[in-house]
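[1] Give me a 3D structure for the following:
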Amino acid sequence: MLGEEKRRVGIIGPGRVGSAFALGLFNAGWEISTVCGRRSEYLQGLADKVKAGIAVDVTQAVAEADLIFLTVPDDLVGGFAKEISRTTEPLKEKFFFHTSGVLEAEVLRPIREKGGIIGSIHPLQTFADRDHGWKALPGSWFALDGDEAARQRGEELVQALCGKAFILPPGRKPLYHAAACIAANFLVTLEYISSRLLGLCGVPEESFYSVAGPLIEQAVKNIKNKGVPYALTGPVTRGDLGTVSLHLDRLQDWAPEYVEFYRVMLQHTLELAGEYGYIGEEQVNKFRAALSTEEDDGKR
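    Numbering: from 1, shown residues only. Reported below is the predicted structural model:
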């Protein structure tokens, strides 16, 4: 366990993720020594909440902490690593974590070359604001990679935040982040498209969730209770080719910009339905043949 004298945390980047880590660790009894960033309007508010000082630069942030978070945009992580490696402050035995979902810990290599211990810690969670995002951390999973000592320290951080941790294999970080984007970001896009189509049916945008929310929530419950592959419902699982054809016809009439999207989603749904026995191979082939014919007709 990390001794009390080694629980001084520095936050470089007071955005939504940085604020979540700062507030979460502060509420877990860790000392937030300094916060550092270029947006003064966010710095003071966060510093006040976690009783921290404001570092004038990264050199001060590093000097006054034992463990430093780089909670900055992905494109800036490498530059900050080089800047920190050029400071006159000793880096030996200090821990440095970035929180990017797509970059591996190796982007902090310049810090390691000066004696620092490097790692990455990414919460598999979404943060809508700076004030309350930390409340989403308990129960969340965190992906870790980096030096062995950093992974061990990362597990302690996750434990303090009441989360769960797993170690990412080398080279998989972008794949992991793509999965996270599909699960969360693309879900919003899916519901946006649904809201546009319901809008064409007379449902106002502001009423979308009151109308479709119970359906969405039950689908999520089915995933939770049954597992992803076994939560599928709808016309494909029943082999209703006529229904799917009607969908495509009306989309072509009213929202042709979504026809290709529907086809792509349908192809993956067919793969799922066939693999997990919702429909047989013969039905899958009938769907594919019909879709191929309709696509050819649409191109003429």
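[2] Return the residues in contact with residue 164.
    Residues near residue 164 by Cβ atoms under 8 Å, 6 or more residues apart in numbering: 139-142, 158. Yep, even glycine has a C-beta here, placed from its N, CA and C like the rest.
[3] Which ones among those residues lie within helices?
    residue 158 (DSSP state H).
[4] Could you tell me which of the contacts of residue 164 count as buried?
    Neighbour-count burial (16 or more other Cβ atoms under 10 Å) is assigned, among the contacts of residue 164, to 140, 142, 158.
[5] which among the residues you listed gets closest to residue 268?
    residue 140 (27.0 Å; Cβ to Cβ).
[6] Spit out the contact partners of residue 279.
    236-239, 273.
[7] mind redoing it with 7 Å?
    237, 239, 273 (Cβ atoms under 7 Å, 6 or more residues apart in numbering).
[8] List the buried residues in stretch 215-233.
    residue 232.
[9] cool, and stretch 162-175?
    Those would be 163, 165, 168, 173, for stretch 162-175 by 16+ other Cβ under 10 Å.
[10] Tabulate the residues you listed (JSON lines), appending pLDDT and distance to residue 278.
    Shown next, in JSON lines, are the buried residues of stretch 162-175 (pLDDT from 0 to 100; distance: Cβ to Cβ, whole Å):
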{"residue": "163", "pLDDT": "98", "distance to residue 278": "35"}
{"residue": "165", "pLDDT": "98", "distance to residue 278": "35"}
{"residue": "168", "pLDDT": "96", "distance to residue 278": "32"}
{"residue": "173", "pLDDT": "96", "distance to residue 278": "33"}
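[11] Pick out the most distant pair among those residues.
    Of all pairs in the buried residues of stretch 162-175, the most separated under Cβ to Cβ is 163 and 173 at 18.3 Å.
[12] mind putting the buried residues of stretch 162-175 in TSV, secondary structure included?
    Compiled in TSV, the buried residues of stretch 162-175 are given as follows (DSSP: H, G, I helix; E, B strand; the rest coil):
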residue	secondary structure
163	coil
165	strand
168	coil
173	helix
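[13] Out of those residues, flag the one nearest to residue 93.
    For the buried residues of stretch 162-175, with residue 93 as the reference and Cβ to Cβ as the criterion, the closest is residue 165, at 22.0 Å.
[14] can you tell me which residues contact residue 281?
    Counted by Cβ under 7 Å, 6+ apart, residue 281 has contacts residue 274.
[15] ranges for the helices of the chain?
    Using DSSP H, helices in the chain cover 16-27, 40-50, 58-63, 74-85, 109-112, 148-160, 173-183, 185-200, 208-226, 235-238, 241-254, 259-275, 281-299.
[16] out of those, deepest packed?
    Most buried of those, by mean neighbour count (mean count of other Cβ atoms under 10 Å): helix 16-27, with a mean of 22.
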